[in-house]
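Asker: predicted model and sequence follow; I will ask about them next.
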Amino acid sequence: MADVQVSQSKGKEKHKGKKKSKRVGVRIDMTPMVDVAFLLLTFFMLTTTMNKPQTMEINLPPSETKAEVAESNLLTLRITEDFKIYWNVGMEKPVTVDGTDKKGKLINLGKLLKDRNRANPKLITLIKVDGKAKYIDMVDIMDELNINDITRFSLAPMLDDDKRIIATL
Amino acid sequence: MSKAKRVGFKLDMTPMVDVGFLLLTFFMLTTQFKPQDVAEVVLPSSHSVFKLPDSDVMTVTVDKAGNVYLGFDAQPIREAIFGGQNKLKAGIQVELTELGPLLREARIRNPRLRTVIKADRESEYSVIQNVMETLQRENITRFNLVTDLEK
């Protein structure tokens, strides 16, 4: 029993001595680890997507609602396939919005809507977009409304009647 | 003399490595991988700055050709609506006639779902109009259109 203990303590001492002498010179080369860390860092920095997509919120009335609006309070916008904008209030004859290109038209439309809304705060804008038009046309119009703080608008399908009205102009 | 000095030059890299690891942890924890897309869509641009919600999103994607896809961000609901074999897909192609019932079912399972429409800028408006009418019929009167920020 005693013998074993002695031998154990001897072994411990031996071990201790060895460790101590080794520890003095211990130096792990950290370079590879740091390299890997920086590699990962670059990877995460490049793959991370900071910008979440933007969205535009739209509120539509439930399909059953039928709102009665006085004609004088209703501004109708009709957008054709080739991005011509016709506007009219009530039963007036539709008029095009001038502008040489899309951007010009949109800016003019924005001004027009702003003026009209200032003149008549109860004005509701009804947007009718041709089914063959591009989605971007509709987004551009909505964007223009948003920019000019026009929140009272509604979307309606462009019917054949509407097309006929425009065609006769 | 200058040569003799350079021999013993040692720069302590520890602070740089510390900062490196700090940044690494930051990016590892905050990173969100780009969600996979069902179809390739070029987004229209707008000035709207409203951000897309993080979770509980139901996406109706319309691609350039007018195909409609329905997608969810969470796997359980995908499994419930599309079936187990499709749970790893971000979305599946649906017909316009199927869209209504699917939307209804999804909203019964998760009433907090928000609907977003993600459509290609060149896609025909009639498709979008049909999608919006479907949403309206399902009483989803508030939805979002995904756009890029205009520069």
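Answerer: That came through, no problem.
Asker: distance of the nearest residue to A:Asn73 once chain neighbours are set aside relative to A:Leu113?
Answerer: Residue nearest to A:Asn73 in three dimensions, not counting chain neighbours: A:Lys122, with 4.8 Å by C-beta to C-beta, 6 or more residues apart in numbering or on different chains. (Each C-beta comes from the backbone N, C-alpha and C, glycine too.) Per C-beta to C-beta, to the nearest Å, A:Lys122 is found 14 Å from A:Leu113.
Asker: after the helix or strand bottoming out on mean pLDDT in chain B comes which helix or strand?
Answerer: Across the helices and strands of chain B, mean pLDDT, DSSP states H and E gives its lowest value to helix B:2-7, namely a mean of 59. With elements assigned by DSSP states H and E, the helix or strand that comes after helix B:2-7 is helix B:14-30.
Asker: just the buried residues of that following helix, please?
Answerer: Going by neighbour count (16 or more other C-beta atoms under 10 Å in any protein chain shown), the buried part of helix B:14-30 is B:Val17, B:Gly20, B:Phe21, B:Leu24, B:Phe27.
Asker: what packs against it?
Answerer: Under the contact criterion of 3 or more C-beta pairs under 8 Å, 6 or more residues apart in numbering or on different chains; DSSP states H and E, helix B:14-30 touches helix A:31-47.
Asker: show me the contact partners of the helix it packs on.
Answerer: B:Met13, B:Val17, B:Gly20, B:Phe21, B:Leu23, B:Leu24, B:Phe27, B:Met28, B:Thr31, B:Phe33, B:Lys34 (C-beta atoms under 8 Å, 6 or more residues apart in numbering or on different chains).
Asker: before we move on, what about stretch A:107-123?
Answerer: Outside stretch A:107-123, the residues that reach it (C-beta under 8 Å, 6+ apart) are A:70, A:72-75, A:77, A:85, A:87, A:89, A:97-99, A:125, A:141, A:144-145, A:147-148, A:150, A:152.
Asker: recalculate using a threshold of 7 Å.
Answerer: A:73, A:75, A:85, A:87, A:97-99, A:125, A:144-145, A:147-148, A:150 (C-beta atoms under 7 Å, 6 or more residues apart in numbering or on different chains).
Asker: same check on stretch B:88-98?
Answerer: B:35-38, B:59, B:61, B:67-71, B:82, B:86, B:102, B:130, B:134.
Asker: using CSV, write out every CA atom in it.
Answerer: C-alpha atoms of stretch B:88-98 as CSV (Å, rounded to 0.1, in the frame of the first residue of the first chain):
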residue,chain,number,x,y,z
LEU,B,88,-38.3,22.9,-48.4
LYS,B,89,-39.4,24.9,-51.4
ALA,B,90,-39.9,28.6,-50.9
GLY,B,91,-43.1,28.5,-53.0
ILE,B,92,-45.0,26.6,-55.6
GLN,B,93,-46.7,27.7,-58.8
VAL,B,94,-50.5,28.0,-58.5
GLU,B,95,-53.3,28.7,-60.7
LEU,B,96,-55.3,31.9,-60.1
THR,B,97,-58.4,29.8,-59.3
GLU,B,98,-56.5,27.9,-56.6
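Asker: low pLDDT regions in chain A?
Answerer: A:1-23, A:49-52, A:63, A:65 (pLDDT under 70).
Asker: output the set of residues of it in proximity to chain B.
Answerer: Contacts of chain A with chain B, taken as C-beta under 7 Å from any C-beta of the partner chain, map to A:34, A:37-38, A:40-41, A:44-45, A:47-49, A:52-63, A:129-139, A:143, A:146-147, A:155, A:157.
Asker: mind checking which of these land in strands?
Answerer: Applying DSSP state E to the residues of chain A next to chain B, the entries found in strands are A:Gln54, A:Thr55, A:Met56, A:Glu57, A:Ile58, A:Asn59, A:Val129, A:Leu155, A:Pro157.
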